[in-house]
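**Student:** Below is the sequence, then the predicted model.
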Amino acid sequence: MTQHNSSRFTVMSMNVHKGLSPLHRHATIYQLRQRMRSHHPDLLFLQELQQEHRGRVRRFGQWPLTELTHFLSEDFWHDWHYGKNVEYPDGHHGNAILSKHPLHKGNNYDISAYRFEKRGLLHSVIQLNASSPPIHCFCVHLALFERGRERQLAEIIRYIEELTHDAPTIVAGDFNDWRNRVSAPMREAGFTEVFETLTGAPARTFPSVKPILPMDRIYVRGLKIHSAEVLYEWLKLSDHLGIAAQLELE
């Protein structure tokens, strides 16, 4: 029974909108940290994480002075991995993975489909315990246009094949895929989406105040899906709703 429980873990994914409310009026990063911690996820996949922004510090008196990955993970998540995608005079943002388990940091692969829209594929590997197999984790934020997403997905699947060697794998993030064109090629690559498996369709997560588009996904391979939920109570903390799933090594 102990071994059974130790192979279960919780994953959460969210586009955090740079730590700002949907209309950019309020800083929400402190509330996000509190809400994320209240769910105790083992793994956290974040997109549009504002790792550093000097303008936010000037505008919002309570903006964290440390890098946001450090601020979010301090005394709670064991390790974190950040991949910078966009840099500008006041700072930069990108994707991040936070983990309660020791995390081996891979690379942040440039999968930008357009020069005006920088995107990355962030890769990390965790191990739940000394006897369990490694779990490959990919955090993604795909392009706004479908043709670009098609090119990016082909790259993502190629990287997965090269890096994972059929090991258990999670691909989570903001897919910007409101017409659900991603799931078919992901199924061909051996993946299932947690909400599709349990409810028949991806969860509607955007816009957060009235979610009608299924943008955010958690795809898994080699893992059993126990439950999945949309974090509806977070509607004022970002322009996307967060999603979470309880998984187990098969």
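**Tutor:** Thanks, I have it.

**Student:** Just list the residues touching Glu67, thanks.
**Tutor:** Each residue near Glu67 by Cβ atoms under 8 Å, 6 or more residues apart in numbering is listed here: 51-52, 82. For every residue, glycine as well, the C-beta is placed using N, CA and C.

**Student:** Would you tell me which helix is longest in the protein?
**Tutor:** helix 146-164 (DSSP state H).

**Student:** who's in contact with that helix?
**Tutor:** 106, 109, 111, 113-114, 117, 119, 121, 123, 136, 138, 140, 142-143, 169, 171, 175-177, 179, 181-182, 185-186, 189.

**Student:** Go through that helix and flag the buried ones.
**Tutor:** Under the neighbour-count criterion of 16 or more other Cβ atoms under 10 Å, helix 146-164 has 148-149, 152-153, 156-157, 159-160, 163-164 buried.

**Student:** Give the next helix or strand downstream of that helix.
**Tutor:** strand 169-174 (DSSP states H and E).

**Student:** what angle sits between that following strand and helix 146-164?
**Tutor:** 150 degrees (axes from the mean of the first three to the mean of the last three Cα atoms, to 10 degrees).

**Student:** Which strands border strand 169-174, and is each parallel or antiparallel?
**Tutor:** strand 135-141 (parallel), strand 216-221 (antiparallel) (DSSP bridges).

**Student:** Would you tell me what the next helix or strand after it is?
**Tutor:** helix 183-188.

**Student:** hmm, who's touching whichever helix or strand comes after that following helix?
**Tutor:** Once the chain leaves helix 183-188, the next helix or strand it forms, by DSSP H and E, is strand 192-193. Applying Cβ under 8 Å, 6+ apart, the external contacts of strand 192-193 come out as 183, 186, 202, 217-221, 225.

**Student:** cool, and stretch 233-240?
**Tutor:** By Cβ under 8 Å, 6+ apart, stretch 233-240 touches 14-17, 20-22, 28, 31-32, 35, 174, 205-209, 215-216, 241-242.

**Student:** Flag every buried residue along that stretch.
**Tutor:** Buried residues in stretch 233-240, counted by 16+ other Cβ under 10 Å: 234-235, 237-240.

**Student:** Between which two of the residues you listed is the distance greatest?
**Tutor:** Trp234 and Asp239 (10.9 Å; Cβ to Cβ).

**Student:** quick one: the strands in this protein?
**Tutor:** 8-15, 43-53, 79-88, 91-99, 103-110, 120-126, 135-141, 169-174, 192-193, 216-221, 223-231, 242-249 (DSSP state E).

**Student:** before we move on, back to that, rounded mean pLDDT for the longest helix of the chain, please.
**Tutor:** Across helix 146-164, pLDDT averages out at 97.

**Student:** burial of Leu213, as a residue count?
**Tutor:** 16 (other Cβ atoms under 10 Å).

**Student:** That one is in contact with Ala203, isn't it?
**Tutor:** No: using Cβ atoms under 8 Å, Leu213 is not in contact with Ala203, being 10.2 Å away.

**Student:** from the buried residues of helix 146-164, which is closest to Gln127?
**Tutor:** Scanning the buried residues of helix 146-164 for proximity to Gln127, where the rule is Cβ to Cβ, the winner is Thr164, at 13.7 Å.

**Student:** I'd like the distance between the residue nearest the centre of the chain and Leu121.
**Tutor:** The centroid of the chain falls nearest to Phe45 when counting by Cα atoms, centre = their mean (2.7 Å). Per Cβ to Cβ, to the nearest Å, Phe45 is found 12 Å from Leu121.

**Student:** what touches both of these two?
**Tutor:** Cys139.

**Student:** returning to that earlier point: quick one: buried ones out of the contacts of strand 192-193?
**Tutor:** Among the contacts of strand 192-193, those classed as buried by 16+ other Cβ under 10 Å are 183, 186, 202, 217-221, 225.
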